[in-house]
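Visitor: Sequence unavailable; structure follows:
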């Protein structure tokens, strides 16, 4: 199954730990994942293509999945 890695930081550059992350695709949403102490989470997904990154319910941007991306949670 494809997987994507998301790096989540606050605007000051510090990592967001224990934070809920979900990917949204045109076919639906993934199961949630939670960032580790470095602000990193890897989420498995069955869909590919453009994905929206939701951090604690907030839209933090899009990327092409599977892949890797960094987002800022404000």
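Guide: The structure has been received and is ready for your questions. Keep in mind that what you see is a predicted model, and the values were worked out from it rather than measured.
Visitor: Am I right that residue 37 is in contact with residue 14?
Guide: No - judged on Cβ atoms under 8 Å, residue 37 makes no contact with residue 14 at a distance of 11.0 Å. Just so you know, the C-beta spots here come from the backbone N, C-alpha and C atoms, and that holds for glycine as well.
Visitor: which residues touch the strand or helix carrying residue 64?
Guide: Residue 64 is part of strand 58-65 when elements are defined by DSSP states H and E. Contact with strand 58-65 is made by 2, 4, 8, 23, 25, 45, 47-54, 69, 71-74, as judged by Cβ atoms under 8 Å, 6 or more residues apart in numbering.
Visitor: For PyMOL, write the select line for the buried members of those.
Guide: This is the PyMOL syntax for the buried subset of the contacts of strand 58-65, where burial follows 16 or more other Cβ atoms under 10 Å:
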select buried, resi 4+8+23+25+45+47+51+52+53+54+69+71+73
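Visitor: out of the contacts of strand 58-65, which are inside helices?
Guide: Using DSSP state H, no member of these falls within helices.
Visitor: Thought residue 41 was touching residue 23, still the case?
Guide: No - contact criterion Cβ under 8 Å: residue 23 and residue 41 do not qualify, at 9.9 Å.
Visitor: and residue 35, how many residues sit next to it?
Guide: A count of neighbours around residue 35, defined by other Cβ atoms under 10 Å, yields 21.
Visitor: residues in contact with the residue lying closest to residue 41 once chain neighbours are set aside?
Guide: In space, and not counting its chain neighbours, residue 41 is closest to residue 33: 4.2 Å by Cβ to Cβ, 6 or more residues apart in numbering. Shown in contact with residue 33 (Cβ under 8 Å, 6+ apart): 6, 20, 21, 22, 41, 42, 43.
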